[in-house]
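Enquirer: Below: sequence and its predicted model.
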Amino acid sequence: VGCILILSFMTFSGHLNDAMGVALVRPNLFASLFMIGLFLSMAVFMHIRLIKESGAVIGVAVATLREVATVILSYIVYPKSFSSMHGISALLVLSGILLTMTCSSNQSTGTGRGTNGTTSTTPSGGRLSRSSTSIELGTNR
């Protein structure tokens with residue numbers, strides 16, 4: 001869909017002939033574009049699968065850590081000065097990720113907000129009481 005839209009836009013704007021001229025001069029351009037598209041689609045597929053299997057919080061954490069790894073690699077490959085403000089900001093980002101993951105795991109195990117002890121009656125006459133950790137089914141006497 002994106003390819004069709006881009007080709008349509010390039011045709012109507014008159015830049016398709018320029019792009020074809022560049023593609024003829026550089027024959028590896030189509031292979032490079034194909035590989036970029038393939039790797040981007042694989043990355044999107046894997047990220048969606050990660051979200052489905054592990055949840056949105058883990059998906060965001062992995063995406064953030066991937067970006068952190070990219071920044072760290074850029075400091076290794078292209079040496080730059082590393083100040084104390086860089087270190088403080090990195091610690092703040094890491095603590096934010098850990099705080100988000102901790103709060104998320106507390107809510108999923110029932111120790112977070114929204115688990116007050118309430119009691120309701122079932123249609124069969126039993127009584128459901130919800131404590132902070134479990135749901136118990138008792139008989140109504």
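Expert: Structure's in. What do you need? Numbering: from 1, shown residues only.
Enquirer: what about M101, how many residues close to it?
Expert: Other residues lying near M101 total 14 when counted by other CB atoms under 10 Å. C-beta coordinates here come from the backbone N, C-alpha and C atoms, glycine included.
Enquirer: just checking, what packs against the strand or helix carrying it?
Expert: Taking DSSP states H and E as the criterion, the element that holds M101 is helix 84-108. Helices and strands touching helix 84-108, by 3 or more CB pairs under 8 Å, 6 or more residues apart in numbering; DSSP states H and E, are helix 56-77.
Enquirer: And the contacts of the helix it packs on?
Expert: 47, 50-51, 80, 82, 90, 93, 97, 100-101, 104 (CB atoms under 8 Å, 6 or more residues apart in numbering).
Enquirer: by how many degrees do it and helix 84-108 diverge?
Expert: Compare the direction of helix 56-77 with that of helix 84-108 by axes from the mean of the first three to the mean of the last three CA atoms, to 10 degrees and you get 160 degrees.
Enquirer: Pull out the buried residues from helix 56-77.
Expert: By 16 or more other CB atoms under 10 Å, the buried positions in helix 56-77 come out as 57, 59, 61.
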